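Fold the following.
(one chain, ligands or ions: 1)
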Amino acid sequence: MLKLGLNIDHVATLREARYRGREWGEPDPVAAALVGEMAGAHGITVHLREDRRHMLDRDVWKLREAIKTRLNLEMANAPEIIGIALKLKPDVVCLVPERRQEVTTEGGLDVAGHWKELAETREKMNDSGIEVSLFIAPDAAQIEASARVGAQFIELHTGAFAEHFAQERERDREIERLVTGARQAHSLGLKVNAGHGLNYQNTPQIHRVPHLNELNTGHSIISRAVSVGLPVAVKEMLSLMENYPG
Ligand code: PXP
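Numbering: from 1, shown residues only. Have a look, this model is predicted:
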């Protein structure tokens, strides 16, 4: 079964647009997470950024208490956030690039270039019972380096696929890269997630990529929720993910 990790960062983005610096505000990302879970999301994903652009520390602590599914904390490989994660104990952390020098040309984390630091963090997280995922482009060198780091998961960056969705030839080329990457990762013993830019139009095409465990999707679901409500938006996305051949 292909699982849905509901990314609720944009609920906090909306709150911060009006209530930045306050102790309270709406909409509440924790309430959204609980509604998302009730609608069938298999996990909740949040990114605690170093600049606290959307999710705040109080949000992640409340989420840790409140949600019944898995908490996936996206984070930079930065000492302050590592310290928080080790105390918070999300089920999984997904290490993502936040600084320019950590990013590959295709937008994923440069695991090959930061192998040692990432391996150290991977070990600390695993020692605390937290699984580790690495958000990378479908690039052979990055996948090989992710296995060397000892991560449990990679999350394949689907941004280039989403960007080229309207151009058939480019879209198919991006799908092929995701297919090849998923096969390589699977053969190296990595579990494979995918995300970024997935929406109600392009998600069915992702069925062509084998070995997927979870899709992390946020912007399109939160956007659709404005029109149809969050439970319907989540259920519609789940129905597009049904019948994934695996
Ligand atoms: N996965 C990762 C690692 C991300 O950084 C993001 C964006 O926050 C997503 C998935 C979700 O992307 P989107 O909001 O475009 O669905």
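
what about Ala194, neighbour count?
Ala194: 26 surrounding residues under other CB atoms under 10 Å. (Glycine included, C-beta is placed from N, CA and C.)

repeat for the one 10 residues further on
Residue neighbour count, defined by other CB under 10 Å, stands at 12 for Pro204.

ditto for Gly21
6.

which ones are touching Ile136?
Counting by CB atoms under 8 Å, 6 or more residues apart in numbering, Ile136 makes contact with Thr104, Gly108, Leu109, Val111, Gln142, Ile143, Ser146, Ile154, Glu155, Leu156, His157.

any idea which of these is closest to the ligand?
Proximity of the contacts of Ile136 to the ligand (CB to the nearest ligand atom) peaks at Glu155, which lies at 5.4 Å.

Residues contacting the helix or strand encompassing the closest one, please?
According to DSSP states H and E, Glu155 maps onto strand 153-157. The contact list for strand 153-157 (CB under 8 Å, 6+ apart) reads 92, 94, 106-108, 131-138, 143, 146, 178, 181-182, 185, 190-196, 209, 213, 216.

at 6 Å what do you get?
Outside strand 153-157, the residues that touch it by CB atoms under 6 Å, 6 or more residues apart in numbering are 94, 107-108, 133-138, 146, 178, 181, 185, 190-191, 193-196.

Please pick the buried ones from those.
94, 108, 133-138, 146, 178, 181, 185, 190-191, 193-196 (16 or more other CB atoms under 10 Å).

Pick the one among the contacts of Ile136 closest to Leu230.
Nearest to Leu230, judged by CB to CB, of these is Glu155 at 22.8 Å.

Tell me, how many residues neighbour Thr69?
Neighbours around Thr69, by other CB under 10 Å: 18.

That one against Glu37, yeah?
Yes. At 5.3 Å, Thr69 counts as touching Glu37 under the criterion of CB atoms under 6 Å.

distance of Ala140 from Trp61?
Going from Ala140 to Trp61 by CB to CB, to the nearest Å gives 39 Å.

same question, Val46
According to CB to CB, Val46 stands 11 Å off from Trp61.

coming back round to it: show me what counts as buried in the strand holding Glu155.
Phe153, Ile154, Glu155, Leu156, His157.

What strands flank that strand, and is each parallel or antiparallel?
Partners of strand 153-157 in the sheet, by DSSP bridges, are strand 131-136 (parallel), strand 191-195 (parallel).

who's in contact with the residue positioned nearest the centre of the chain?
Of all residues in the chain, the one closest to the mean position by CA atoms, centre = their mean is Asn216, 4.5 Å from it. Contacts for Asn216 (CB under 6 Å, 6+ apart) come out as Gly5, Asn7, Thr45, Gly195.

How is it assigned, secondary-structure-wise?
Classification of Asn216 by DSSP: H, G, I helix; E, B strand; the rest coil places it in strand.

Do you know the pLDDT at it?
On the pLDDT scale, Asn216 is placed at 98.

I'd like to know the beta-bridge partner residues of it.
Asn216 has these beta-bridge partners by DSSP bridges: Gly5, Gly195.

Could you tell me how far it is located from Ala185?
Taking CB to CB, one finds Asn216 at 16 Å from Ala185.
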